[in-house]
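Need coordinates for the below:
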Amino acid sequence: MTFGSIAWITERLTLPPACREWAKLSHPSALSAWANGRSPCEACAPMMPQLQWVPMSRSKIVAVEDPVQAGAYEQRLKRRPPAFVVERRADSIGAVAGGESAMLDVADAHDKAIGSIRISANPMALALRALALIPPSRLATRTTLEWRLVEHSDQPIALPLLRLSSNKRDPPAAQPEHFGPFAGRPKSLPVLQLRIEQQRSLSWMLAREAEDVPPFMETEVAESTLPALRWRLEARASMPRVVRGGVLADEVGYGKTVITIALIDATPRVPRTPPPPLRADGFIPLKATLVLAPSHLLKQWPKEVHKFSGGALKCVTIATMADINKLSIRDLQAVDVVVASITLLRNDLYFARLANLAGADALPHSKTNMRHFGAAYASATERLQEQAARLAAGAQGKRLASGLQLEGVGLAVGLKGKKATYAAEKKAAKAGGKADKDYTSLKAAPLELFYWNRLVVDEYTYNKERDVIAIVNGLQASARWVLSGTPDISGFAAVNETAQWLGLRLGSADATDLTKSENKSLTSVERFQYFRDVHTPAWYAERHATAQQFLDLFVRQNIAEIDEIPWREQAVRIALPAAERALYVELQNHLEALDMKNNHKTIKAKCKSENDRESRLAQVLSGSSCPEEALLKRCAHFDMEGKAKTATAACDAIIAMRKDQLDACTAELVKQVTFARNCIAKFESEFPTKGMSDKHKEYALRCSPGLSFKLWQSTEILDCGDEEANELLGPLVKQGLAPAVDKKVKISEKEKNLKDKMAWTRDQVHLLRRLTKEVTGRVRSLRFFENVRKLQMDPTDAVAKFGGKGKAHGRALVLRPRGRV
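Residues are numbered from 1 along each chain as shown. Here you go, the predicted structure:
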């Protein structure tokens, strides 16, 4: 007998009101086991099997579960206690149906038949499953377990769009101390203050870093349904997390950098002791704010700090490993702001230094499995905390600092073996043994060694997977801020990823939330577990509400309240100097040859040869939307690479480079002539035409490479369109043909039959044609700039040298594209 036969009874069952409200559960021993890294209950939430890292190849390492533990884990999953047990009894039938803890009895007397139904729910089993989903923490005493029984529906729930709040209703904060006149402010720096809307943002940021900031509840929910009765049992584990900081998502132009500097200036700059669950002696506290910025913003931060604070905030920049190698712990203790490039966390040498100081195994390189890197990185940072505790431990710390200094010097400069030892000893001797006196003289300390006053990640959406692992799991700070004008709030997965930057988890991920790389790194057991758990619409709605709660508490987006800037258009005719005009004409000549077509090949063209002219053109065009914009950029700046200080110097540099490139091109042509001649000889020896009729179907194929080479040698070399190039190419061809024929040259192994080998051999002649055109182009390009420079220096002498009468009449012109005067 099924539930359908007694539906007339079950339809009338209603849940007691007390069951619909969240009720607390208590299980101290389970919480203690969970806090110590064990399973809260092996029966309800068995521990996942341990992972083993197995190398599949030299560059590929995959995670595999321990097979014995995986088998036991699967059996324990099957034997987990059910969430519901339903018992039905009838004295005339005696049938029993399975299913679970609140008790309801229904009796009915019909023709001397008496029956009963008992429904039991086990909320503790679900609560411990939810607890196991939260990473272990020492805050077990603050963790709560709750349950409730509610009515269930499988109907989809429409989720509202996630929204961002602004600071429009927040009161404005006072101007920071140094955002105004003060004694000692350099007169050369203007007094710059925050706008009113920026003061409101600063007020919110100060509140987010207050000592009494409200905690955020990290929650995991486990659920089970009883479809026949349309009931759903929910259990949740909640742990309060005090997180100071947030996400500045203000739109471009609002001034996120300035407001962050104001926050630094408006708060006390003192070292702070790491709070639980962090190890109090596992870090070196600093008063400084660490700013991680992308390379293109690295120079902006120090300038803005100096300009707005009037030089009151001391700032240091770390762009490369060379910069961090120069800084000691004492140097970092003395500054207020440390601006570091995010590329530092992409340097294998940086992580090698970290592992060396921590006394841990070498970390995997940047191209390995990121999950493997994360596991090794977590182990290394844990060992680093032990080293930090030893560093601060008096005499023992002094000896350790001395040893670490010796070990780190060679590694810092990329040396190994004896060279590293000699470099370390030499540097230690030069330092005068300072490390023996005070551990603060230790240099090249990794950023993970410190507990920062504040961590700021600028444009966090630019960062890569390994950056995220290091910033989220390794760098510790009293407050964490991430900046971006384009945060992703498309759904729970996107918001949960943002929350990770602040050290928060909004809940477990679903199989649909995983990225391609994350899904690829899953083990077979983990992949099975993701697809084994089927969630209800209510579960997704609860996650969505948690994401919105996070956005309301931690994220703000504002628009700059700036009046429209008045402007007017005024065309000014500019006469470019001769040197800049030469550079402009070169670009103009190239674009005119393309008929000024605004197509993909023109604008997105890649440099096809090692020619500085094509390299510069590709650099200009790649960032332009049309040829006119490219010409405008050339008018605005003569050297896009920024290597030349003046246009005249740029021309001199171009002449020197063109001569070197022409020499390299001619050398390549000579080498290719020899190689092509040898390849043809090898081909003709393998496929001879002697005794073969010219009407044979293979005769034309066998003769094609040789005929193509002779045609190039007899006609194209003698008339390449430039007299000076003709005079240069003839001797070069003779030089290439001078060595004896070498038939031992190997034809590409990929070519198997006559037709393929013929095509490959003939391609060697086609390469000669391309080199011939390149030599001609280089000769003209060199001549163009040489003539321009001669006219700039002495027009009269230049005209005489080019066939004139020794006197410049009117204007002397350099013709394009040949470069003739």
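
Surely Ile324 touches Ile318?
Yes: if you go by Cβ atoms under 8 Å, Ile324 and Ile318 touch, sitting 5.1 Å apart. The C-beta positions use only the backbone N, C-alpha and C, and glycine is treated the same way.

Give the intersection of the neighbour lists for these two.
Shared contacts of Ile324 and Ile318 (Cβ atoms under 8 Å, 6 or more residues apart in numbering): Leu344.

Surely Gly359 and Gln387 touch.
Yes: here Gly359 reaches Gln387: they are 6.7 Å apart, a contact under Cβ under 8 Å.

Which of those two has more residues huddled nearby?
Between Gly359 and Gln387, counted using other Cβ atoms under 10 Å, the more crowded position is Gln387 (18 against 13).

Give me the contacts around the one helix or strand that one maps to.
In this assignment (DSSP states H and E), Gln387 forms part of helix 370-391. Residues from elsewhere that reach helix 370-391 (Cβ under 8 Å, 6+ apart): 51, 53, 61, 63, 279, 281-284, 351, 354-355, 357-361, 363-364, 396-397, 400-401, 404, 439, 442, 446, 448-449, 465-466, 469-470, 473-474, 517, 521.

Any quick PyMOL command for the buried ones out of these?
Only the buried entries of the contacts of helix 370-391 go into this PyMOL selection, using 16 or more other Cβ atoms under 10 Å:
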select buried, resi 51+61+63+279+282+283+284+351+354+355+357+358+360+363+364+397+400+401+404+439+442+446+448+449+466+469+470+474+521
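
Among the contacts of helix 370-391, which lie within strands?
Residues from the contacts of helix 370-391 lying in strands, with DSSP state E as the criterion: 51, 53, 61, 63, 284.

The first one contacts Pro67, doesn't it?
This means Leu51. No: in this structure, Leu51 is not within contact of Pro67 by Cβ under 8 Å, at 11.9 Å.

Next, the contact list for the closest residue to Tyr350 other than its chain neighbours, please.
Nearest residue to Tyr350 in three dimensions, chain neighbours excluded: Leu344, at 5.7 Å (Cβ to Cβ, 6 or more residues apart in numbering). Listed by Cβ under 8 Å, 6+ apart, the contact set of Leu344 reads 318-321, 324, 350, 447.

Tell me if Leu344 really is in a helix.
Yes: counting by DSSP: H, G, I helix; E, B strand; the rest coil, Leu344 is located in a helix.

Output stretch 187-207 as PDB, nothing but the C-alphas.
Output of stretch 187-207 as PDB, limited to C-alpha atoms (Å, rounded to 0.1, in the frame of the first residue of the first chain):
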ATOM      1  CA  LYS A 187      54.100  74.800  -1.300                       C
ATOM      2  CA  SER A 188      54.400  73.200  -4.700                       C
ATOM      3  CA  LEU A 189      51.500  70.800  -3.900                       C
ATOM      4  CA  PRO A 190      48.000  72.300  -4.100                       C
ATOM      5  CA  VAL A 191      45.500  71.600  -1.400                       C
ATOM      6  CA  LEU A 192      43.000  69.000  -2.700                       C
ATOM      7  CA  GLN A 193      40.000  67.900  -0.800                       C
ATOM      8  CA  LEU A 194      37.200  65.400  -1.200                       C
ATOM      9  CA  ARG A 195      33.900  66.200  -2.900                       C
ATOM     10  CA  ILE A 196      30.800  65.900  -0.800                       C
ATOM     11  CA  GLU A 197      29.800  62.500  -2.400                       C
ATOM     12  CA  GLN A 198      33.300  61.200  -1.800                       C
ATOM     13  CA  GLN A 199      33.000  62.200   1.900                       C
ATOM     14  CA  ARG A 200      29.800  60.100   2.100                       C
ATOM     15  CA  SER A 201      31.700  57.100   0.700                       C
ATOM     16  CA  LEU A 202      34.500  57.700   3.200                       C
ATOM     17  CA  SER A 203      31.900  57.700   6.000                       C
ATOM     18  CA  TRP A 204      30.700  54.300   4.900                       C
ATOM     19  CA  MET A 205      34.300  53.000   4.600                       C
ATOM     20  CA  LEU A 206      35.100  54.200   8.100                       C
ATOM     21  CA  ALA A 207      32.000  52.500   9.400                       C
END
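
And the pLDDT at Ser693?
Ser693 carries a pLDDT value of 61.

can you map out the strands along the stretch 1-150 of the chain?
23-25, 51-55, 61-65, 84-90, 109-110, 113-121, 144-151 (DSSP state E, counting those that start in this stretch).

tell me, what residue is most central in this protein?
For the chain, the residue sitting closest to the mean C-alpha position, by Cα atoms, centre = their mean, is Lys464 at 1.8 Å.

distance of the closest residue to it other than its chain neighbours from Trp204?
Of all residues beyond its chain neighbours, the one nearest Lys464 is Arg346 (7.0 Å), with distances taken as Cβ to Cβ, 6+ apart. To Trp204, Arg346 is 33 Å away according to Cβ to Cβ, to the nearest Å.

Compare those two (neighbour count), which wins?
Using other Cβ under 10 Å as the criterion, Arg346 and Trp204 rank with Trp204 on top: 20 against 15.
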